[in-house]
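> For reference, the sequence and a predicted model appear below.
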Amino acid sequence: MQAGWAAISALARRLRRIVGRDGLLRTPSELAVYECDGYTLERYRPDLVVFPRSTAEVVEIVRLCRQYRVPVLARGAGTSLAGGCTPVGGGVLVCLTRMNRILEIDRRNRMAVVEPGVLNVQLARALEGTGLHFAPDPSSQTASTLGGNVATNAGGPHTLKYGVTGNHVLGLEVVLADGSVRQLGPALDAPGYDLLGLLVGSEGTLAILTKLWLRLTPNPQDYRTLRAVFARIENACNAISDIIGQGIIPAAMELMDQGILAAVEEAYHFGFPLDAEAVVIIEVDGLSADLDDQLARIVQICQRWQARQILHAASAEERTYLWKCRKMAVGAVGRLSPSYCIQDGVVPRTQLPRIMRRIAEIARECRIRIVNVAHAGDGNIHPILLFDQDNPEEVRRVLAASYQVLQACLDCGGSITAEHGIGIEKLPLMPRQFRPADLEVMWRVRQALDPEGLLAPGKVLPNNIFVHQPGHAASGQPGQTDLAPSSQTSPDQPARPSPALPANTPLGPPSWPSPDQPTQTSVQAHPPAGSALGQQFSLYHRGGAP
């Protein structure tokens with residue numbers, strides 16, 4: 001351990017020469033801020049946090065960490081809800097928020113060139129008055145960085161019509177695990193293998209993003225927005241599928257269930273009937289001449305499915321008012337429970353009634369309360385599980401319910417994530433979604449780009465981790481894994497570095513069980529240098545929007 005401390009201290013001195021005194025954090029109180037992201041069920045402390053300001057500095061940091069065989073994890077604003085920014089192996093956290101310049105807005109080519117630390121909303125504001133916008137609009141738009149959006153292939157309400165972030169990335173500059181810099185694109189249709197598509201959504205496991213070329217979309221000429229209230233949630237879901245089935249592609253279709261409506265109504269007094277099971281916000285955009293016809297057809301479909309109230313926005317102010325209830329939905333959850341966990345799954349939209357019924361069954365079986373919001377037009381559900389963090393038994397039931405919800409998405413022909421990514425939260429479910437051969441191919445791709453396994457270790461692909469619920473502690477006891485001793489590091493003591501990664505550490509793909517075999521409650525890994533694997537972690541998220 002003394003050698004580990006010596007190595008970390010030497011590394012810190014050399015990193016400080018790269019990023020300056022104000023660009024490095026290493027005291028326990030400073031590092032505690034970076035123990036987790038929006039997924040707070042697991043916390044691990046990094047050994048060091050650095051704030052580069054340029055690609056050249058990122059290159060030096062990566063090369064230096066490789067020399068010391070210390071893990072490197074990129075981080076943006078930390079709004080991830082799956083633990084993508086959680087430093088499982090300790091090591092060096094590379095925070096890209098100071099690389100926050102908009103380098104160019106090219107209106108003729110409908111393209112923006114930005115650094116990864118630019119906020120999504122920052123670009124949106126810079127584009128005001130240009131007639132163009134960046135279409136991806138995740139709910140974390142005001143806080144999340146564009147680098148993070150690309151790394152997780154983020155979605156949002158308007159992905160139904162405009163697509164996820166990956167549909168709007170034209171090029172990337174990246175730093176690979178060996179410290180080399182590569183530029184992919186910008187090109188509209190580059191020949192050869194889709195390496196750009198490989199990097200988008202890779203959650204920092206293949207490279208660190210340092211520059212982005214983003215597609216800009218012309219603003220629609222006009223909008224039509226309505227809000228439909230349904231007595232039964234099944235009717236709301238069927239109306240959503242019917243609208244798509246009639247050849248109408250709205251810009252967005254957002255669903256809120258009765259539980260969320262009660263919280264929003266208590267907080268903001270929108271006048272919702274409290275016995276209604278669902279509200280759907282529907283928006284179409286495009287040429288004005290066609291929108292009234294689309295709106296009339298949507299109203300007919302909603303009436304066919306017995307919508308009890310339909311409210312149409314007649315002005316921009318009314319449109320903002322109709323969207324307000326959805327934008328404020330998650331923030332109102334704090335009125336329902338002091339602790340909650342937001343899940344993310346996706347099903348074919350025709351399976352929405354089935355998955356909503358199953359979520360209600362899971363809530364009853366696990367004796368917890370679940371409320372729902374959804375980007376329902378593309379089947380992206382966000383069940384919000386409510387619980388008391390001071391009740392260990394309730395925490396256990398919430399973790400069990402989370403697993404069952406995601407397994408139900410798979411049973412419906414869907415996926416365990418739509419936009420939050422895998423991170424560390426959903427590692428145990430990867431063998432449920434993918435065959436062993438598929439996981440092995442993914443491991444080989446990762447090994448080809450990062451043979452030493454130093455970029456974002458413990459993320460996206462499980463390394464013989466199989467448990468019964470999402471989260472490494474899902475079997476019951478927090479922090480009790482085979483990765484390290486379970487004794488908790490004192491908040492007053494510096495994080496304890498682990499020895500450097502042995503030269504003979506196996507880096508190839510593990511042996512995968514068949515998805516049909518029962519999963520095991522075990523953790524086997526060979527962690528690289530880092531501090532926090534011995535820490536216990538919190539098993540709850542306190543109230544407030546992540």
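Received it, and whenever you're ready, just let me know what you need.
> my hunch is that Arg224 is in a helix, does that hold up?
No. Going by DSSP: H, G, I helix; E, B strand; the rest coil, the assignment for Arg224 is strand, not a helix.
> distance of it from Cys325?
18 Å (C-beta to C-beta, to the nearest Å). Glycine gets a C-beta too; all of them are placed from N, C-alpha and C.
> Residue nearest the middle of this protein, spatially speaking?
His420 (2.4 Å; C-alpha atoms, centre = their mean).
> thought it was touching Thr79?
No. Counting by C-beta atoms under 8 Å, Thr79 is not a contact partner of His420; they are 10.1 Å apart.
> The helix or strand hosting Arg297: which residues count as buried?
Here Arg297 is covered by helix 288-304, with elements defined by DSSP states H and E. Using 16 or more other C-beta atoms under 10 Å as the test for burial, helix 288-304 gives Leu291, Gln294, Leu295, Ile298, Val299, Ile301, Cys302.
> who's in contact with the fifth one?
In other words, Val299. Leu226, Ile310, His312 (C-beta atoms under 8 Å, 6 or more residues apart in numbering).
> excluding its backbone neighbours, what's nearest the second one?
So the one you mean is Ile310. Ala228 (5.0 Å; C-beta to C-beta, 6 or more residues apart in numbering).
> Pull up the gap between that neighbour and Met256, please.
Here Ala228 is placed at a distance of 11 Å from Met256 (C-beta to C-beta).
> Also Arg107?
37 Å.
> Who has more neighbours out of those two?
Met256 (26 against 12; other C-beta atoms under 10 Å).
> ok but that one is inside a strand, no?
Yes. Under three-state DSSP, Met256 falls within a strand.
> For it, list each beta-bridge partner.
According to DSSP bridges, the residues that bridge with Met256 are Val279, Val373.
> so it makes contact with Lys327?
No. Contact criterion C-beta under 8 Å: Met256 and Lys327 do not qualify, at 11.1 Å.
> So the nearest residue to Ala408 once chain neighbours are set aside, which state does it fall into?
Leaving aside its sequence neighbours, Ala408 sits nearest to Arg358 (C-beta to C-beta, 6+ apart; 4.5 Å). Three-state assignment for Arg358 (three-state DSSP): helix.
> Quickly list the domain ranges of this structure.
Taking automatic domain parsing as the reference, the chain has its domains at 1-98+484-546, 103-218, 220-336.
> Compare those domains and say which comes out lowest on pLDDT.
With a mean of 69, domain 1-98+484-546 has the lowest mean pLDDT of those.
> before we move on, back to that, how about the buried residues of helix 288-304 in CSV, adding distance to Val50?
As requested, these are arranged in CSV below (distance: C-beta to C-beta, whole Å):
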residue, distance to Val50
Leu291, 50
Gln294, 51
Leu295, 52
Ile298, 51
Val299, 55
Ile301, 54
Cys302, 53
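> Would you mind measuring from Thr55 to Ser180?
From Thr55 to Ser180 the distance is 11 Å (C-beta to C-beta).
> Those two: who's more crowded?
Thr55 (18 against 12).
> Next, the contact list for the closest residue to the more buried one other than its chain neighbours, please.
Nearest residue to Thr55, sequence neighbours excluded (C-beta to C-beta, 6+ apart): Thr210, at 4.2 Å. With contact set as C-beta under 8 Å, 6+ apart, Thr210 has these partners: Thr55, Val58, Leu96, Met99, Glu115, Pro116, Glu173, Val174, Val175, Val181.
> Thr210 in helix, strand or coil?
strand.
> how far away is it from Ala187?
Thr210 sits 18 Å away from Ala187, taking C-beta to C-beta as the criterion.
> do the same with Arg63
Taken as C-beta to C-beta, the span from Arg63 to Ala187 is 28 Å.
> Among the two, which residue is more densely surrounded?
Arg63 (15 against 11).
> Okay, now the unreliable bits of the stretch 351-500 of the chain?
464-500 (pLDDT under 70).
> Just the strands from it, written as ranges.
In the stretch 351-500 of the chain, strands defined by DSSP state E, counting those that start in this stretch lie at 369-375, 380-387, 465-466, listed in chain order.
> As CSV, those with distance to Cys85 would be great.
CSV is the format used below for the strands of the stretch 351-500 of the chain (distance: least, C-beta to C-beta, whole Å):
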stretch, distance to Cys85
strand 369-375, 23
strand 380-387, 19
strand 465-466, 19
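> need those strands in TSV with distance to Gln343 and mean neighbour count, can you?
Output for the strands of the stretch 351-500 of the chain, formatted as TSV (distance: least, C-beta to C-beta, whole Å; neighbours: other C-beta atoms under 10 Å):
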stretch	distance to Gln343	mean neighbour count
strand 369-375	9	23
strand 380-387	5	24
strand 465-466	19	22
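> Which one, of these, ends up nearest to Ser9?
Proximity to Ser9 (C-beta to C-beta) singles out strand 465-466 among the strands of the stretch 351-500 of the chain, at 31.4 Å.
> A strand includes Gln141, no?
No. Counting by three-state DSSP, Gln141 is not part of a strand but coil.
> Please verify my assumption that it contacts Arg125.
No. The criterion here is C-beta under 8 Å, and Gln141 misses it with Arg125 at 10.9 Å.
> With neighbour numbers in mind, choose between the two.
A side-by-side neighbour count of Gln141 and Arg125, using other C-beta under 10 Å, places Gln141 first with 21 against 9.
> how far away is that one from Pro157?
Gln141 is 10 Å from Pro157, by C-beta to C-beta.
> next one: Gly78
Taken as C-beta to C-beta, the span from Gly78 to Pro157 is 22 Å.
> more crowded one of those two?
Shown here are Gly78 and Pro157; by other C-beta under 10 Å, Pro157 has more neighbours (25 against 22).
> so what's the more buried one up against?
The neighbourhood of Pro157, defined by C-beta under 8 Å, 6+ apart, consists of Asp137, Ser139, Ala252, Glu254, Arg326, His375.
> ranking those residues by neighbours, who comes first?
Busiest of the contacts of Pro157 [other C-beta under 10 Å] is Glu254, holding 26 neighbours.
> excluding its backbone neighbours, what's nearest that residue?
Nearest-residue entry for Glu254: Ile281, 4.4 Å, with adjacent residues in sequence omitted and distances by C-beta to C-beta, 6+ apart.
> One more: Cys65?
Val72 (4.8 Å).
> Contact partners for that neighbour?
Val72 neighbours (C-beta under 8 Å, 6+ apart): Ile61, Val62, Cys65, Gly91, Val92, Val94, Ala177, Ile208, Leu454, Leu455, Ala456.
> do that again at 6 Å, thanks
Applying C-beta atoms under 6 Å, 6 or more residues apart in numbering, we find Val72 in contact with Val62, Cys65, Val92, Leu454, Leu455.
> Cys65 is in contact with the third one, correct?
Yes. Taking contacts as C-beta atoms under 6 Å, Val92 lies within contact range of Cys65: 5.3 Å.
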